[in-house]
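J.: sequence plus predicted model, see below.
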Amino acid sequence: MQEQKSATLIQRIADMQEQEAISLAREMLDQGYDPIALLGHCREAMEIVGARYEKGEYFLPELMLAGEVLSAIGSLAKPLVQQRSLSMRDAGTVVIGTVHGDLHDIGKNIVTFMLDINGYNVVDLGIDVPVESFIASIREHKPQVVGLSGFLTVAFGSMKETIDAIAAAGFRDGLKIMIGGGQVDETVRNFTGADAFGLNAMEAISLCKGWIKG
Amino acid sequence: MPVLPPPCISLTADEVRLAWEERGRRSCSARVLDTVSTVLERMNDGHWLQPAYGYALWPVAGSGSGHLRLRGGGTLHSRLAVHRCGRATRLAAGICTVGSRLGHQIREWFAAGQAVKAVVLDEVGSLALYRLAGHLERQVRVEAQHLGLQSSGVLHPGDDGFELSEQRKVVELAGGADIGISLTSGVMLYPEKSLTMVMGLGDRMPVWGRDRGCARCRARRQCPYRHPHSADRAA
């Protein structure tokens, strides 16, 4: 019975049946279903949604919608998880920001949102972020991953400058750096010294999942 | 430069849907379409679109290797502009924006965790900006006709052969400050949803469509706004 409900929940999230999915999640939790297991189903559903998005079967707002459903279900489960003294933020820590000289934030916000609902502890430094702010945040939060965003071609120089400064500050070893933005590619990754680049939010999540294995 | 009266830029939910469906070649979900309607209603009620545009015509005094000399306007450096507009007798520099209110609202919605509304509004803002750019382009073409001249296709800083660093010069030529558009140190336009353009005016000017620019753009594979008929389309 519970197995069938779990499958239905995954299906409803993946098929954008927002209200039906939230109602079912509430019902399952009311009946004592393990909140951590429930969140696991949500992430399973997000993987389906992500795959559909990458295949072009879903548009960006649909990816975001699934994220909002996951977030709503997360709010229902969170108090129960906390009662059990368990952490929901166990996927890892990511420091992210748009590099200095660039004010674009939509792509960075989308990645932040998707990382957040996938269980990462995200420290979003905002836009036009000076090199020093990245270093201070790395020192404070000790992330496994740093994400640098930049839309303009002139942001590539800022990305390189930031990565060089992170290395000079002694934080490069053991830290993965991903870059993203409108025009990044392998040439830009090579120029900046980043470990990888992502063309969309799902690629950013895949990178983090690959780098931070539980 | 002539700062033109703000045009009426309106979008319907159907137009937004069609823009998505043309790019994705499939239907939007009903839930997303509901959000589009809600966002448009909020945008119209709140007057979040603050369109403004203007342009200026500069006599072309001559051209050299990779630059056009403008009488009273200094020099515009662009191999592409010389190649495409080298025979122009005037250069039109145009600029437009949908204002900063929309960007503030997008950030507000993201901060509140309302990501669907935020990305829908971003999309609507981009479509509105392209529509406004169309008005600007038509306005320049009308003036060219009045002057007995033909107008070329449109060039943008950032196109191949037209370095983004020339954005500052184009903003200055177009009179961006007159409509509240500024540039960051990284030559990004503010408000974010703004764009600049350059067109050549003269005899027998070459005309091309946006698909040509998209086909040559290095970001064409991942750009959601690429022209649907550009040759090198992502699979």
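T.: Structure received. Numbers count the residues shown, from 1 in each chain, chains lettered A, B, ... in the order given.
J.: the residue lying closest to A:Ser133 once chain neighbours are set aside - how many residues pack around it?
T.: Nearest non-adjacent residue to A:Ser133, counting by Cβ to Cβ, 6 or more residues apart in numbering or on different chains: A:Leu125, 5.5 Å away. For glycine as for every other residue, the C-beta is placed from the backbone atoms N, C-alpha and C. For A:Leu125, the count of nearby residues is 19 (other Cβ atoms under 10 Å in any protein chain shown).
J.: over to B:Val16?
T.: 22.
J.: ok, now which ones touch it?
T.: Residues near B:Val16 by Cβ atoms under 8 Å, 6 or more residues apart in numbering or on different chains: B:Val36, B:Leu40, B:Val120, B:Glu123, B:Val124, B:Leu127.
J.: which one of those residues is nearest A:Asp116?
T.: Ranked by distance to A:Asp116 (Cβ to Cβ), these are led by B:Val120 at 19.3 Å.
J.: spit out the contact partners of the residue in chain A positioned nearest to chain B.
T.: Closest contact between chain A and chain B, by Cβ to the nearest Cβ, is at A:Gly101 (2.9 Å). Contacts for A:Gly101 were tallied using Cβ under 8 Å, 6+ apart; they are A:Asp128, A:Leu152, A:Val154, A:Ala155, A:Gly157, A:Ser158, B:Thr184, B:Ser185, B:Gly186, B:Met188.
J.: what sits against the first one?
T.: A:Asp128 makes contact with A:Thr98, A:Val99, A:His100, A:Gly101, A:Asp102, A:Leu103, B:Thr184 under the criterion Cβ under 8 Å, 6+ apart.
J.: what about it, distance to A:Phe151?
T.: 12 Å (Cβ to Cβ, to the nearest Å).
J.: the top helix by length along chain A and chain B in contact?
T.: Under DSSP state H, the helix in chain A containing the largest number of residues is helix A:60-83. Yes: residues of helix A:60-83 contacting chain B under Cβ under 8 Å from any Cβ of the partner chain: A:Leu60, A:Pro61, A:Glu62, A:Met64, A:Leu65, A:Gly67, A:Glu68, A:Ser71.
J.: about what we covered before: give me the common contacts of A:Asp128 and A:Phe151.
T.: Shared contacts of A:Asp128 and A:Phe151 (Cβ under 8 Å, 6+ apart): A:Thr98, A:Asp102.
J.: next, give phi and psi for residue 199.
T.: Reading this off chain A. The phi/psi pair for A:Leu199 (degrees, to the nearest 10) reads phi -90, psi -10.
J.: ah, I was thinking of chain B
T.: Taking degrees, to the nearest 10 as the convention, B:Met199 sits at phi -140, psi 150.
J.: show me which strand runs longest in chain B.
T.: strand B:52-64 (DSSP state E).
J.: mind listing what's buried along it?
T.: B:Ala52, B:Tyr53, B:Gly54, B:Tyr55, B:Ala56, B:Leu57, B:Trp58, B:Val60, B:Ser63 (16 or more other Cβ atoms under 10 Å in any protein chain shown).
J.: nearest to chain A among those?
T.: Closest to chain A, out of all of the buried residues of strand B:52-64 and judged by Cβ to the nearest Cβ, is B:Ala52, at 18.9 Å.
J.: can I get stretch B:152-166 in CSV, CA atoms only?
T.: The C-alpha coordinates for stretch B:152-166 follow below in CSV (Å, rounded to 0.1, in the frame of the first residue of the first chain):
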residue,chain,number,x,y,z
SER,B,152,20.6,48.0,-43.4
GLY,B,153,20.0,45.1,-41.1
VAL,B,154,20.7,45.4,-37.4
LEU,B,155,24.0,44.9,-35.7
HIS,B,156,24.6,44.6,-31.9
PRO,B,157,27.7,44.9,-29.8
GLY,B,158,28.7,41.4,-29.0
ASP,B,159,28.1,40.1,-32.5
ASP,B,160,31.1,38.4,-34.2
GLY,B,161,33.3,41.3,-35.4
PHE,B,162,31.6,43.9,-33.1
GLU,B,163,33.3,43.7,-29.7
LEU,B,164,31.2,44.0,-26.6
SER,B,165,33.6,46.6,-25.4
GLU,B,166,32.1,49.0,-28.0
